[in-house]
Structures are given as C-alpha cells and as structure tokens.
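Student: Fold the following, please.
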Amino acid sequence: MSLAGPRLDRPSAIGDEGRARGVSLWLATVAVVAVTVAGGVALGDPALVTGLAPVVGLLVAGIALLERSRFGQLVVGHALAFGFGSAVGLLVVASPFLGREAVAVAGFALALLGIAMAWADVDPAALERAGLSCGLTYATLVVGSVVAVLVGVVLVVTVNLLVAIVATDSAAGSLAGLLTVVVAVAVAGLFAVAVAPIRQLTRRSRRDAVDRQLASVRRTLGGVVLGGLGSLFVLGFLWLAGLFGALVAQVPQLERPLVALSTGAVVWPLVSIAVGLVVVPLLIWTVRAVTRRDAGDARSRIWTAAVTVAVAILLAGAVAVGLAALGVAIGNLASGGAILALAGGGAVLVGVGPLAYLLLVGTILVAVWLAFLPDRAIAPALAGTGLVVAAAALGSHAPFVAIGCVGVACFVWDTGTYGLELTAELGHQPRTRRLELVHGLLSLAVAVGAVALVAGLAGLVSGLGAAIASPVALVVAAVGAIVLLIPIRG
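Tutor: Presented below is the predicted three-dimensional model:
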C-alpha cells in the first residue's frame, strides 16, 4: 500500500479540499497496520498485512487515477480499479460464506482500504466514478466476449467453406467458389475504404482529388460486388436447369480450367488480401483513436479507456487459451493444465469479481446516502467499520485482539476526523504536527484506558477469561471507549 509515495490527491491550501493532515493519518495508519499484524498472528498468518496491503493500495491508486485527464493514466486507473477491485470485492462479499476467519480477513481489508482512501482523499464522488468505471469495463467485457464468440463461429464456418471450395472437383462448384471469394474481397475493400483514415492522412491540398479517387474505388468495388452476386445467381439458375453441365459436356476442354479456378494457389492469396483489407484498417483506426490528443471530452476518454482495458483482458484470455491448447497439442499436459487452471481463476475473477466490487461500492454509497457513513469522513468511518467487523469475527477466537480492534477503531475514527477538521480550518500550509501528536496521544490513551477498564471491570464480575470471550464485553468496551472519547473531541 503506497502510503509514503507521491500524493494522489491535489489539496488546496485552505478549505475542506484534500485529505486529512499527515500526522493524524500516520497515527491512524500505524494503529491499523499494528492491529492487522496482530490479527494475522492470531489467525496463523503473520504476513496477512503484506498480502492485503498491496491489493488494497493498488485499488485505491486506480480509483485516484480515474480523476486524471490523460488517456494513459485513465487506462492504468481502469485496469487497477477493475482488477484489484474485483479481488477485494470477492473477498468481502464471499467472506460470510467462508467462515469467521474469512470475515476477519475481510474486516482487516476494509480497514486498510479505509486508511488508503484517506491518504488518497477518496470521497463518495470518487467511489461513484470507480463504480461507473467498473461497470463500463465489465459491460464492454461481456459484449466483447459475445462478439468474440460470434466472430469465432464465423471464422470456423468461413474456414470450412474455404476448405470445401478448394477441395471441390466440379466446374460449377469451382466457379461459384471463385465468385464467392471475389465478392468477399470486394466487400473487404469497401470496408477498408470506409474505415481507413485515408482522407485524414492526406495533405489538405490533395484531399479533393483523394475524395474523387475514393469515390471511384467505391463505385468499382460496388460494381464488382453486384456483378459477382449476379453471376452467382445466373450460375445457380444454369446449374439447376442443367444447362451449365450440358455446356461443359459439349466443350470438355473447359472443365479443367474451370476446376483450376478454385485451387489453393488462386483462393488463398485472395483470402489473404481480404483479411489484410479488414485487419489493417481496423488496427490503424484503433491506434488513431487511442493516440489522438483530441479524443473528445472526458466522458469519451473514460469510455475509450474502459474499452481498451476490456479488449486487453479478452486478448490475454485468448492468448492463455491458445497456449493451453498448444501445450495439450504437443503433449505437455502439465503446462496446459496449469495454464487452463490459471485462466479459469482469472475468468472467475473478471466474471464474478466485478459484480462483487459493484455490490461493495454500491453498499458504501447507499450507506453514505442514508447517513450511516459520514460524507466528509467516509475513509476513517470505513476503516473503523472494518475493524469492528474483524473484532466481531475474532471475538471467540482471539478476544484480546478483538478488544484491541475495537479500541483502534475508535482511535482511527477520532484521529482521522480530527485531521480532517484541521484541513478544513487551516489547510495544509500551517505546521500542526504538535497539535496532532498531542491529540493522537490523548486519543490513544483514552482508547487503551477504556478497553482496559471495561475488560477489568467485567473480569471482576464474572472472571477475566469468560468476560473477554463474551460478545457482550466487546460491545461494552466499544461503547465505553466511544463515550470516553467524546470529551477529548470536544
């Protein structure tokens, strides 16, 4: 989690723009990381924080980059928010079905997410933008998958048809196959003329002449298409009437040249030309659309970036499937199986993960709309909520860590909101380190004292072990810590 790197937000000098003051955020960050490490030790995974922090940090970095205007930054932001957001969403949404340990891990992930959001000054508007980004990428991915399947079916049918044309040994079939290929080449030429930016890449002084030449090419290709289709219709009528067979029988010298019209030496070069006329203009158009500086307004750039990320994911999936098929074909079943397993995991991540991520973001936004989470202090509130979730999951497994989570949740909320208040009143220019340190130490002392006091009183009543293990004791500790924090916050 990039907590000490370059700023992702751009705060003003004075006003409520920007993140909380740095010292307050550092105090909250250290507390959250410390309790996450303790929770990882209690769960048997001391490296838990090192596994969660990079994922959460890259997610927040992606959300922050979605505010930028450059296309490259938008693409990186879409990719990070979509990929790592899917991972975090799957973890949080699926955790209730995986047991208490998974719920605790999800709680710590939410706490780290809240702290990272505080550093990047992620507000509800940024979360809404991140949800829109994920929705655009996911919708493009679904539509692209359907289109890819349809294109695959068309390619299979086309290849089988071409193989049948090359393998035919009848004069009528050979001539019909050649006419079909010629019509396809002409249609591909019309597509190339329509898509390729020929006029845009021509000097302004020659554009009128180029327009006339392009119009002539379109008329010629259109005539070839109509002539080819008409010839196919006439040939079909003659073949059904038996006239074509009679003509070939009367002039047997025509049969061999007609059959030679559909050989591979004739058909495959024409097919290569047609493929080039389709692929090359598409590539040129795509490169121009991606690299244009005047690619339209911000909404157009965001849409283009989402489409770019979705296409990249589809290409990566196609490459993975191709490598797996190649491994199986050459007899390397282990490599093919490993690649297929990796591709399957990736398919689950990009197929189900975005829905979980959208559910998580939507839940947070609804909570803000219903005033369950504060609009301005959404980041520390989310961090505290995650720690409370972790405490509830660890209540019977690691009661000391659970009580610590409750105390740290109160501490994070208090220091985070205090830092935001300083930002709103003073901005980021005045030096407020001493104020933040004094307030942070007082908040920490109150949180520790409240937890220790309530746990001790409960222990005197019913025994220390039973009291700490009781969920009621945790609730009492939380309430006590919050109540005792009120005088400190004023």
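
Student: Okay, helices next: where are they in the stretch 101-250 of the chain?
Tutor: Using DSSP state H, counting those that start in this stretch, the helices of the stretch 101-250 of the chain run over 124-167, 171-195, 207-241, 243-250.

Student: deepest of those helices, which one?
Tutor: helix 171-195 (a mean of 19; mean count of other Cβ atoms under 10 Å). Where C-beta positions appear, they are placed from N, C-alpha and C, glycine not excepted.

Student: and that one, what does it pack onto?
Tutor: Secondary structure elements in contact with helix 171-195, counted by 3 or more Cβ pairs under 8 Å, 6 or more residues apart in numbering; DSSP states H and E, are helix 124-167, helix 207-241, helix 243-250, helix 255-260, helix 264-291.

Student: One more pass at 6 Å, please.
Tutor: Judged by 3 or more Cβ pairs under 6 Å, 6 or more residues apart in numbering; DSSP states H and E, helix 171-195 is in contact with helix 207-241, helix 255-260, helix 264-291.

Student: worst average pLDDT in those helices?
Tutor: Here the lowest mean pLDDT among the helices and strands packed on helix 171-195 goes to helix 255-260, at a mean of 78.

Student: Just the buried residues of that helix, please?
Tutor: 258-259 (16 or more other Cβ atoms under 10 Å).

Student: Mind exporting the C-alpha coordinates of it to CSV?
Tutor: Extracted C-alpha coordinates of helix 255-260, given in CSV (Å, rounded to 0.1, in the frame of the first residue of the first chain):
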residue,chain,number,x,y,z
GLU,A,255,-13.7,-28.4,-67.4
ARG,A,256,-10.1,-28.5,-66.3
PRO,A,257,-9.5,-24.6,-66.4
LEU,A,258,-12.8,-24.1,-64.5
VAL,A,259,-11.8,-26.6,-61.8
ALA,A,260,-8.4,-24.9,-61.5
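
Student: How many residues are close by residue 367?
Tutor: If you count neighbours by other Cβ atoms under 10 Å, residue 367 ends up with 17.

Student: pretty sure it contacts residue 373?
Tutor: Yes - at 4.4 Å, residue 367 counts as touching residue 373 under the criterion of Cβ atoms under 6 Å.

Student: which SSE is residue 409 in?
Tutor: In the assignment (DSSP states H and E), residue 409 maps to helix 399-426.

Student: so where's the stretch 351-490 of the chain uncertain?
Tutor: For the stretch 351-490 of the chain, applying pLDDT under 70 flags the ranges 416-490.

Student: go with 80
Tutor: 351, 371-377, 395-400, 403-404, 407, 410-490 (pLDDT under 80).

Student: give me every residue that touches the residue most central in space within the chain.
Tutor: The chain has residue 82 as the residue nearest its centroid, 2.0 Å off, counting by Cα atoms, centre = their mean. Residue 82 is in contact with 134, 137, counting by Cβ atoms under 6 Å, 6 or more residues apart in numbering.

Student: Now do it, the pLDDT please.
Tutor: 89.

Student: next one: residue 131
Tutor: Looking at residue 131, the pLDDT reads 87.

Student: Same list, the helices and strands packed on helix 171-195, but as JSON lines with distance to residue 249 please.
Tutor: Formatted as JSON lines, these follow (distance: least, Cβ to Cβ, whole Å):
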{"stretch": "helix 207-241", "distance to residue 249": "13"}
{"stretch": "helix 255-260", "distance to residue 249": "9"}
{"stretch": "helix 264-291", "distance to residue 249": "24"}
